[in-house]
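>>> fold the stuff below for me.
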Amino acid sequence: MRVLAFIFARGGSKGVSRKNIRLLAGKPLIAWSIDAAKACGRVARIIVSTDDAEIADTARRHGAEVPFMRPAELARDDSPEWLAWQHAIRAVQDAGDRFDAFLSVPTTSPMRDPQDLTACIDTLKSGGCDAVVTMTPSARNPYFNMVRRRDDGTLGIASDAGRVISNRQDAPPVYDLATVAYVTTPAFILSHNDLFEGRVKGAIVARERCLDIDDELDLDFAEYLLSRRSQAGAARGTKRP
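Numbering: from 1, shown residues only. Model (predicted):
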């Protein structure tokens, strides 16, 4: 199965200015996605879709291709990324490259492990679905400890499981979607408008690898986690065999 990795990185960002090229542990944020795709070992090409010349230069320096620039109308704050996905696929196909799987590696999840990308690819390859998303067990559960406000102002459990649930362990498991990776086929993207129009499976990712960079606090937290990871690795390296 020929897999192409795509990284979508527009120049504008409200939460963090110039987010995609901000340094995180000394490396531009976009480079974390590029390096993960490289390390995955299952990707034939790594292609960046951007409207920004500086992001394009940064991506190339770190080993990705930027064979086309994204049109401005697909890079606004309100532009659906799905349309950028379709544009990227058509640009690659028009240039003569045919591929089997489309892997999106968002820049906002720098804590991912390459094995997370491999798990998504393998799940798609195993069949029975049109797309694979990443997810992590939710810290809150609508069947147990999430509530909704009724019209009269009183509260009720957000979702009804048809029975009283007194322990979290008895509640149906629910998951938070993560921006670690998405994988599907070019044909599905070009013929649909949303991933959940098809059959979707999920690859579970550990919570600590699902941090989504949306604001400055997220960047600070990522710096802390990466520092702690580095210290743990150094400590393991000093142990006697």
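>>> identify the residues contacting the nearest residue to Pro137 once chain neighbours are set aside.
Spatial nearest neighbour of Pro137, excluding adjacent residues (Cβ to Cβ, 6 or more residues apart in numbering): Tyr175 at 5.9 Å. The way it works is simple: take the backbone N, C-alpha and C, and place the C-beta from them, glycine included. Neighbour list for Tyr175: 135-138, 202, 204 [criterion: Cβ atoms under 8 Å, 6 or more residues apart in numbering].
>>> which member of the residues you listed is positioned nearest Pro110?
Nearest to Pro110 among the contacts of Tyr175 is Thr136, at 15.5 Å by Cβ to Cβ.
>>> the closest one and Leu83, how far apart?
To Leu83, Thr136 is 27 Å away according to Cβ to Cβ, to the nearest Å.
>>> how about the helices of this protein, start to end?
Using DSSP state H, the helices of the chain run over 29-40, 53-61, 81-94, 114-125, 186-191, 216-238.
>>> for Gly12, which of those is the nearest?
Across the helices of the chain, closest to Gly12 is helix 53-61 (Cβ to Cβ), at 10.7 Å.
>>> of the helices of the chain, flag the one that's most buried.
Across those, averaging neighbours per residue (mean count of other Cβ atoms under 10 Å) puts helix 29-40 on top, at a mean of 23.
>>> elements contacting that helix?
Applying 3 or more Cβ pairs under 8 Å, 6 or more residues apart in numbering; DSSP states H and E, we find helix 29-40 packed against strand 3-8, strand 45-49, helix 53-61, helix 114-125.
>>> isn't Asp215 right up against Ser17?
No. Between Asp215 and Ser17 no contact is recorded; they are 10.8 Å apart, counting by Cβ atoms under 8 Å.
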